[in-house]
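> Predicted model and sequence below, questions to follow.
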Amino acid sequence: MHKGAKEAVAEILEKDSSLTNREIGAFLKLPTTTVHNIVARLKKEGIVEKYGAKINRTKLGYPIKALVSVNLNNTNPREGTNLKAIHRAIAEKIRKLGKIECFISVTGEADIVFKANFKSTSELNEFIIGLRRIGSISRTVTSLVLDEFE
């Protein structure tokens with residue numbers, strides 16, 4: 001299999017996963033069976049993890065987008081402590097508050113960063129109040145997203 005074809009198919013699927021193998025093949029000038037085999041290999045290798053739709057949350061009624069950085073109380077755990085498990089447990093508590101689009105693992109001052117969507121600034125404010133009630137959180141920093149682009 002040509003390496004360039006594999007990457008090209010992956011890029012096309014990432015942009016529009018609703019395209020058929022035939023449509024991808026026509027675009028790349030490849031036989032449908034070749035595209036089918038490439039897609040099967042992309043799935044098998046874990047390169048394509050799932051198919052999905054990109055939702056325009058503003059049109060869905062959630063025009064307020066925020067990136068929220070969270071600092072946890074104990075950022076210097078004892079040796080042997082599974083920090084990743086602690087972060088995942090806190091992330092699950094945060095997820096239960098709703099509104100979360102995605103969690104992001106980062107380096108730097110924050111322990112956890114996530115993107116969330118809200119109908120209004122007052123809804124965002126109520127969310128932050130609820131977030132601060134989670135016992136392990138010592139500090140939050142919220143940044144409003146002004147624009148997104150690729």
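Everything's here; your move. Numbers count the residues shown, from 1 in each chain.
> Quick check: the gap between the residue of the chain most remote from its centre and residue 6.
Ranked by distance from the centre of the chain (CA atoms, centre = their mean), the top residue is residue 31, with 32.9 Å. To residue 6, residue 31 is 15 Å away according to CB to CB, to the nearest Å. Just so you know, the C-beta spots here come from the backbone N, C-alpha and C atoms, and that holds for glycine as well.
> which SS state does the residue nearest to the residue farthest from the centre of the chain when sequence neighbours are not counted fall under?
Nearest-residue entry for residue 31: residue 25, 6.0 Å, with adjacent residues in sequence omitted and distances by CB to CB, 6 or more residues apart in numbering. Going by DSSP: H, G, I helix; E, B strand; the rest coil, the secondary structure assigned to residue 25 is helix.
> Then residue 130?
helix.
> Same question for residue 66.
Residue 66 is classified as strand under three-state DSSP.
> for it, what are its contacts?
Neighbouring residues of residue 66 by CB atoms under 8 Å, 6 or more residues apart in numbering: 115-118, 124, 142-145.
> Quick check: bridge partners of it?
Per DSSP bridges, the residues bridged to residue 66 are residue 116, residue 144.
> What's the per-residue pLDDT of the residue lying closest to residue 65 once chain neighbours are set aside here?
Nearest non-adjacent residue to residue 65, counting by CB to CB, 6+ apart: residue 145, 3.8 Å away. At residue 145, the predicted lDDT confidence score is 96.
> Same check on residue 15?
According to the prediction, residue 15 has pLDDT 91.
> and it, how many neighbours does it have?
Per other CB atoms under 10 Å, the neighbour tally for residue 15 reads 10.
> can you count the residues close to the closest residue to residue 67 other than its chain neighbours?
Spatially, and ignoring its direct neighbours in sequence, residue 67 is nearest to residue 143 (4.7 Å; CB to CB, 6+ apart). By other CB under 10 Å, 11 other residues sit near residue 143.
> Could you report the separation of residue 143 from residue 106?
Shown here: residue 143 relative to residue 106, a distance of 13 Å by CB to CB.
> Would you mind splitting this structure into its domains for me?
The chain is divided into the following domains under automatic domain parsing: 3-44, 64-144.
> mind putting the ones you listed in JSON lines, distance to residue 55 included?
Listed next are those as JSON lines, based on distance: least, CB to CB, whole Å:
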{"stretch": "domain 3-44", "distance to residue 55": "13"}
{"stretch": "domain 64-144", "distance to residue 55": "9"}
